[in-house]
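Pasting a predicted model and its sequence here:
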Amino acid sequence: MTDERTILIVDDDEDMRDVLSDLLAKKGYDLRIAGTGEEGLEIARAEALDAAIVDVRMPGIGGMATLTELQKYDRGLPVVMLTAGGSVEDAKEAIRSGAFDYITKPFKNDEVLKVLRNAVERRRLALENQTLRQNLQARSHNFADIIGRGPRMREVFDLIRQAAPSRTTILIEGESGTGKELVARALHTQSARTECPFITVNSGNLPHDLLESNLFGHVKGAFTGALYPKKGLFELADTGSIFFDEIGNMPFETQAKLLGVMQERQFMCLGGVETIKVDVRIIAATNVDLKKMVEDGRFREDLYYRLHVIMVHLPALRERKDDIPLLVQHFLGKYGSENDRSDLEITPDALDLLVEYNWPGNVRELENVIERAVVLSSSPRIDAALIPDHVRSTQTFQMPRIAVPPEGLSSDFKTVIADQERQLIESALHEAGGVQKRAAELLRIKPTTLNEMIKRYAIQPRRKRTTPGRKREVGPAPDAAGARETVPPSLVADD
């Protein structure tokens, strides 16, 4: 270890205390030793700890009561319960009560070191996240809902701070689910307009005539059904900000009128004759390439350049994976609070799955996964079993390395490519247990494409793993001789 971590050992067995002390001291841990729960609690009251190892069965207040009291002093302290084989159920109950993990005696040294290493890492991450969150809020005031600590997000925060005080139009670019509306709100709240309206417009949800009625308002009788006059969103947003979400979807006809408002800062409502002046800061967002839309004639070039004064680019979540642990803790707190589950924590294995996944739905998809896990969890620990299959299925497969032999190619190019293609398919099917749908996900191709390639190469791999008690055969009923024709595992299309 590169730095000391303070570990509390609480066990009434002197020999066990000595064994653990010798093992952990060699690994550089700074140890605090107690023979009773009462002594351990005195130490916990006096010192900051990184983790604790507590025996379940002890005289006096006992391990379970010690766990409860330790959590009162320090809710985030990882506590590992030490149990004899006959008291495993007690240890499992301790897990349900908030313990980090348990170790059964007699134990292997590697097992103790691994569990403790995970506990200390969880503690380090939680404290780091807390510090980062406090620093982020102190530095960025109204950035509380935008979670990030990596260099890509720091660039975004710096640009928001610089651009927010101005009245300049801002264009926010990023994939769906990256948090573009949160950035728009941060730009508004950090400006002088923070006490004024912030209006959001969904640019493509309405036909252009109805959208224009919403934007500019109308007078009574302006069109069929206009029984009453109506103020538009521009008028309602006066002195504040108006945010056009996914502006690339705005009808071409409406784009010209928006450009006019941006240039003149005035407009007339539908059917009206009076000019309405407004002071509105315009913020727009897009998940498409507006420049390409201009080239294709689907977006006005003059409007594009009016919008493209200051551009904020939001990176995809796969481009800032160092932010995933912080986001996970944020969403665990959010949905844990909503579901009265403030005791939740994520296991290292589950967190590894989340960090490795590429998140095509970005932060919004990650949020949905954590909300689902919180709702379905029956214990304080969010483990890998609560991570959806589509996230887990893409983690274990590693593309085989393909290299040209030192002696060069002995076959023509097409033959070599076909051989490599076959190897990839066989590896994916083997990893997916013969299930085509999962193998297609691993290879990131359509299941129908994979099926065609399997037939082309007549691939019949063995299953890598099976599920106990579950057999699956596809084919006709047994013939007169009792034989059954079965389809090879590689041809099972789904589970």
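Structure's in. What do you need?

Could you find the closest non-adjacent residue to residue 119?
In this structure, residue 119 finds its nearest non-sequential neighbour in residue 78, 3.7 Å apart by CB to CB, 6 or more residues apart in numbering. (Glycine included, C-beta is placed from N, CA and C.)

Let me see the contact set for the nearest residue to residue 208 once chain neighbours are set aside.
The shortest distance from residue 208 to any non-neighbouring residue, by CB to CB, 6+ apart, is to residue 251 (3.6 Å). With CB atoms under 8 Å, 6 or more residues apart in numbering as the criterion, the residues that contact residue 251 are 204, 207, 208, 211.

which of the residues you listed are buried?
Buried subset of the contacts of residue 251 (neighbour count, 16 or more other CB atoms under 10 Å): 204, 211.

any idea how the protein splits into domains?
Using automatic domain parsing, the domain parsing of the chain gives 6-129, 151-313, 318-392, 413-491.

Now tabulate those in a markdown table and tack on mean pLDDT.
Formatted as a markdown table, those follow (pLDDT from 0 to 100):
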| stretch | mean pLDDT |
| --- | --- |
| domain 6-129 | 86 |
| domain 151-313 | 91 |
| domain 318-392 | 90 |
| domain 413-491 | 65 |
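
Including distance to residue 145, could those domains go into TSV?
As requested, these are exported to TSV (distance: least, CB to CB, whole Å):
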stretch	distance to residue 145
domain 6-129	15
domain 151-313	5
domain 318-392	9
domain 413-491	32
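
can you map out the strands along the stretch 101-250 of the chain?
With DSSP state E, counting those that start in this stretch as the criterion, the stretch 101-250 of the chain has strands at 101-105, 170-173, 198-202, 217-218, 230-231, 241-245.

Quick one: distance of the third one to the chain centre.
Per CA atoms, centre = their mean, to the nearest Å, the displacement of strand 198-202 from the mean C-alpha position of its chain is 26 Å.

sorry, back to before: let me have the strands of the stretch 101-250 of the chain in TSV, extended by mean neighbour count and distance to residue 428.
Formatted as TSV, these follow (neighbours: other CB atoms under 10 Å; distance: least, CB to CB, whole Å):
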stretch	mean neighbour count	distance to residue 428
strand 101-105	18	34
strand 170-173	23	34
strand 198-202	18	40
strand 217-218	22	57
strand 230-231	15	57
strand 241-245	24	38
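
out of the ones you listed, which comes closest to residue 259?
strand 241-245 (12.2 Å; CB to CB).

outside of the closest one, which residues touch it?
Outside strand 241-245, the residues within contact range by CB under 8 Å, 6+ apart are 180-181, 184-185, 187-188, 191, 193, 196-203, 233-234, 250, 258, 280-285.

Who are the packing partners of the next helix-or-strand element following it?
Next in sequence after strand 241-245, counting helices and strands by DSSP states H and E, comes helix 252-264. The contact analysis (3 or more CB pairs under 8 Å, 6 or more residues apart in numbering; DSSP states H and E) places helix 252-264 against helix 208-216, strand 266-267, helix 301-307.

Give me the contacts around the second one.
I take that to be strand 266-267. 216, 232, 234, 257, 260, 261, 275, 276, 277, 278.

Listing partners with orientation, what would you give for that strand?
strand 276-277 (antiparallel) (DSSP bridges).

For the next helix or strand after the strand it pairs with, buried residues please.
Tracing the chain past strand 276-277, the next element assigned as helix or strand by DSSP H and E is strand 281-286. Using 16+ other CB under 10 Å as the test for burial, strand 281-286 gives 281, 282, 283, 284, 285, 286.

And those, which is closest to residue 90?
Taking CB to CB as the measure, residue 285 is the one of the buried residues of strand 281-286 closest to residue 90, at 53.7 Å.

That closest one against residue 246, yeah?
Yes - Residue 285 lies in contact with residue 246 (CB atoms under 8 Å); the separation is 6.4 Å.

Now list whatever residues contact both of the two.
Counting by CB under 8 Å, 6+ apart, no residue touches both residue 285 and residue 246.

if we can go back for a sec, the residue nearest to residue 119 and residue 93: what is the separation?
Residue 78 is 17 Å from residue 93, where distance means CB to CB, to the nearest Å.

neighbour count winner among the two?
residue 78 (26 against 16; other CB atoms under 10 Å).

Is that one in contact with residue 54, as I believe?
No - the criterion here is CB under 8 Å, and residue 78 misses it with residue 54 at 10.9 Å.

any idea how far the residue nearest the centre of the chain lies from residue 346?
Centroid check for the chain by CA atoms, centre = their mean gives residue 366 as the closest residue, at 2.8 Å. Residue 366 is 12 Å from residue 346, where distance means CB to CB.

Touching both of the two, which residues are there?
Here residue 366 and residue 346 have 328, 354 as joint contacts, going by CB under 8 Å, 6+ apart.

Can you lay out the helices and strands packed on helix 252-264 as CSV showing distance to residue 445?
Below are those laid out as CSV (distance: least, CB to CB, whole Å):
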stretch, distance to residue 445
helix 208-216, 39
strand 266-267, 50
helix 301-307, 35
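
Nearest to residue 169 among these would be which one?
helix 301-307 (5.8 Å).

Just the buried positions in that closest one, please.
Result for helix 301-307 [16+ other CB under 10 Å]: buried residues 303, 304, 306, 307.

which non-adjacent residue is nearest residue 387?
Excluding the flanking residues, the one nearest residue 387 by CB to CB, 6+ apart is residue 353, at 5.1 Å.

Name the next helix or strand downstream of the host helix or strand of that neighbour, please.
Residue 353 belongs to helix 348-356 when assigned by DSSP H and E. Moving toward the C-terminus from helix 348-356, the next helix or strand (DSSP H and E) is helix 362-376.

With only the CA atoms kept, save that next one in PDB.
The C-alpha trace of helix 362-376 is given here as PDB (Å, rounded to 0.1, in the frame of the first residue of the first chain):
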ATOM      1  CA  ASN A 362     -25.300   8.500 -21.300                       C
ATOM      2  CA  VAL A 363     -26.100   9.900 -17.800                       C
ATOM      3  CA  ARG A 364     -29.900   9.400 -18.300                       C
ATOM      4  CA  GLU A 365     -29.300   5.600 -18.900                       C
ATOM      5  CA  LEU A 366     -27.000   5.300 -15.900                       C
ATOM      6  CA  GLU A 367     -29.600   7.100 -13.700                       C
ATOM      7  CA  ASN A 368     -32.300   4.700 -14.800                       C
ATOM      8  CA  VAL A 369     -30.100   1.700 -14.000                       C
ATOM      9  CA  ILE A 370     -29.400   3.000 -10.500                       C
ATOM     10  CA  GLU A 371     -33.100   3.800  -9.900                       C
ATOM     11  CA  ARG A 372     -34.000   0.300 -10.900                       C
ATOM     12  CA  ALA A 373     -31.300  -1.200  -8.600                       C
ATOM     13  CA  VAL A 374     -32.500   0.800  -5.700                       C
ATOM     14  CA  VAL A 375     -36.200  -0.200  -6.200                       C
ATOM     15  CA  LEU A 376     -35.300  -3.900  -6.600                       C
END
